[in-house]
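Enquirer: Next input, structure requested:
(chains A and B)
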There are 2 protein chains.
Amino acid sequence: MTQQEQWFPGHLRDLDPDECRSLLAASRVGRVAYCEEDGPVVLPVNHIVEDGDVLFATSPHSALARRFRSGPAAFEVDDFDPYNQTGWSVLVRGTARLVEYGELPDRRPSPWVAGTRNFVVRITPDTITGRRLLPA
Amino acid sequence: MTQQEQWFPGHLRDLDPDECRSLLAASRVGRVAYCEEDGPVVLPVNHIVEDGDVLFATSPHSALARRFRSGPAAFEVDDFDPYNQTGWSVLVRGTARLVEYGELPDRRPSPWVAGTRNFVVRITPDTITGRRLLPA
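Expert: Got it, this is the predicted structure:
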């Protein structure tokens, strides 16, 4: 254990699913992860939550779109306070698929990045878990 | 394109490797990702950079340690400003392996989480890439 840990002995608490969903929906940026042949890739995107699913939009020419395959994916949101050494994180594990044009919901992700971002991906959660790091 | 994008047409710029390494080393929290049989997992940890490698420490009883396998891994750091809708992210893709006791460097990761966190993982980068989202 380091000196720093002795001064700030934080501990982790599991978040209940409702709290996880609430934090996920309130976040403006999350990180989508998927597995490629040579290992995982993690990239930040702007998302929304719709019917419990995570939706994000990217350009059809982006690295994320070019490499996209339907299948297992993860989505992570978090927030940390370096001063107090506290924070929380939520992890969605589920299945990603491309949203067809006819299936687009009225409310759509609105990415901060400019351009035509009409490649919309929906991640349907299998599990949603989270943890909060509390001060001692 | 949404109304919001018309007002805030940000654009992405690739970061050069030196800038990526500098941002990675300056970050206090990053997200490690690895691939399991049923898909990717992404979890935040406190890290340090040593000899260009990313090091983090966890408890041998943690989910991260229990599920750890040497092999492909990714490590992501980012920072965003929701007000200005700007930010940056850096992605390390490489190989993770457990650090044996005798190989532990003098400078060690000091997690915010309390407890004996002597399961130290080293990720050696194969590639390091990053992007900055600039205001228009």
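Enquirer: Show me what A:Thr129 is bridged to.
Expert: Bridge pairing for A:Thr129 (DSSP bridges) gives the partners A:Leu91.
Enquirer: isn't it right up against A:Leu23?
Expert: No - in this structure, A:Thr129 is not within contact of A:Leu23 by Cβ atoms under 8 Å, at 11.5 Å. Just so you know, the C-beta spots here come from the backbone N, C-alpha and C atoms, and that holds for glycine as well.
Enquirer: what touches both of these two?
Expert: Taking Cβ atoms under 8 Å, 6 or more residues apart in numbering or on different chains as the contact rule, A:Thr129 and A:Leu23 both touch A:Leu15, A:Val90.
Enquirer: Helix or strand next in line after the helix or strand bottoming out on mean pLDDT in chain A, which one?
Expert: Per-element confidence for chain A was summarised using mean pLDDT, DSSP states H and E. The lowest value among helices and strands belongs to helix A:3-7, with a mean of 40. Remark: after helix A:3-7, the chain's next helix or strand is strand A:11-14, criterion DSSP states H and E.
Enquirer: okay, that following strand in PDB with CA atoms only?
Expert: Listed in PDB are the C-alpha atoms of strand A:11-14, where the atom choice follows Å, rounded to 0.1, in the frame of the first residue of the first chain:
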ATOM      1  CA  HIS A  11     -13.600   1.800  -1.000                       C
ATOM      2  CA  LEU A  12     -15.800   0.500  -3.800                       C
ATOM      3  CA  ARG A  13     -19.500   0.000  -3.600                       C
ATOM      4  CA  ASP A  14     -21.600  -1.800  -6.200                       C
END
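Enquirer: ok, and what's touching that strand?
Expert: Counting contacts by Cβ under 8 Å, 6+ apart, the residues touching strand A:11-14 from outside are A:Thr129, A:Gly130, A:Arg131, A:Arg132, A:Leu133, A:Leu134, A:Ala136, B:Val113, B:Ala114, B:Gly115.
Enquirer: After it, which helix or strand is next?
Expert: Towards the C-terminus, the helix or strand next in line after strand A:11-14, according to DSSP H and E, is helix A:17-26.
Enquirer: How far away from the center of its chain is the helix or strand just after that next one?
Expert: Of the helices and strands lying after helix A:17-26 in sequence (DSSP H and E), the nearest is strand A:29-36. On the basis of Cα atoms, centre = their mean, to the nearest Å, strand A:29-36 is displaced by 7 Å from the centre of the chain it belongs to.
Enquirer: Now do the contacts for the closest residue to A:Val99 other than its chain neighbours.
Expert: Of all residues beyond its chain neighbours, the one nearest A:Val99 is A:Val120 (4.2 Å), with distances taken as Cβ to Cβ, 6 or more residues apart in numbering or on different chains. The neighbourhood of A:Val120, defined by Cβ under 8 Å, 6+ apart, consists of A:Leu55, A:Phe56, A:Ala57, A:Leu98, A:Val99, A:Leu104, A:Arg108, A:Pro109.
Enquirer: Same check on A:Asn118?
Expert: Applying Cβ under 8 Å, 6+ apart, we find A:Asn118 in contact with A:Ala57, A:Ser59, A:Pro60.
Enquirer: Verify the contact between the first one and A:Val113 for me.
Expert: So the one you mean is A:Ala57. No - counting by Cβ under 8 Å, A:Ala57 sits too far from A:Val113 to count as a contact (9.4 Å).
Enquirer: The two: which is more packed in?
Expert: Neighbours were counted for A:Ala57 and for A:Val113 using other Cβ atoms under 10 Å in any protein chain shown; A:Ala57 has more, 24 against 21.
Enquirer: residues contacting that one?
Expert: A:Val45, A:Asn46, A:Arg108, A:Pro109, A:Ser110, A:Pro111, A:Arg117, A:Asn118, A:Phe119, A:Val120, A:Val121.
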